[in-house]
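K.L.:
This is the structure alone, sequence omitted:
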Ligand SMILES: *[C@@H]1O[C@H](CO)[C@@H](O)[C@H](O)[C@H]1NC(C)=O
């Protein structure tokens, strides 16, 4: 009896994801999302906005290991360098011209980049730092649809992680890492 109460008090069940529904209660709406025809609001510092369709928006994405998103870009807007530690990303352009790139790991750190037009498809391997930028002329907007190979891919935006850590990563450490003046590091840290 002592053993029983020990287990009762010592464990709670933690679920990575969401609980599954009874199959008999499942309806079409559980596999459905409407909204990717809507433009994201790109009025922000980087000029882009992602509209995600994850398990939070579409319950049927619980466990298959896949999700979709729309990314809108203002003229010259960027999706800043970032990484998804748990997902490969595939992107297609449905409007405009988008420069895309990723950087290979050490020691080469080779930039693989390309300009994509409507209908082109590009893949960003899991874990690598990558970016996108609208390079359309004039006031051209750009729209991409992406798929990621995880229900919880995570996003680590490099600038936010390095210069926007809470509390700050020590500025002298970053100055040495970036071989820059501490004042330059302070200036960048003040923006994140
Ligand atoms: C877009 O975002 C900006 C900045 O947050 C905000 O001021 C503006 O009202 C938003 N526009 C729309 C249409 O929601």
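P.N.:
Now that the structure is in, tell me what you want to look at. What you are looking at is a predicted structure, and each value in this text was computed from that prediction instead of being measured.

K.L.:
Walk me through the domains of the protein.
P.N.:
For the chain, the structural domains run 4-149, 155-192, going by automatic domain parsing.

K.L.:
Worst mean pLDDT among the ones you listed?
P.N.:
Within these, confidence is poorest for domain 4-149, with a mean of 92 (mean pLDDT).

K.L.:
Spatially central residue in the chain, please.
P.N.:
Centroid check for the chain by CA atoms, centre = their mean gives residue 155 as the closest residue, at 4.0 Å.

K.L.:
residues touching that residue, list them.
P.N.:
If you count contacts by CB atoms under 8 Å, 6 or more residues apart in numbering, residue 155 has them with 82-84. From N, CA and C alone the C-beta is placed, and that goes for glycine too.

K.L.:
what does residue 102 give?
P.N.:
Residues counted as contacts of residue 102 (CB under 8 Å, 6+ apart) are 111-113, 124-125, 128-131.

K.L.:
before we move on, what about residue 63?
P.N.:
Neighbour list for residue 63: 17, 20, 151 [criterion: CB under 8 Å, 6+ apart].

K.L.:
can we see that at 7 Å?
P.N.:
Neighbouring residues of residue 63 by CB atoms under 7 Å, 6 or more residues apart in numbering: 17, 151.

K.L.:
Likewise for residue 82?
P.N.:
Each residue near residue 82 by CB under 7 Å, 6+ apart is listed here: 129-130, 155-158.

K.L.:
my guess is residue 89 meets residue 144, correct?
P.N.:
No: with contact defined as CB atoms under 7 Å, residue 89 does not reach residue 144; the gap is 10.2 Å.
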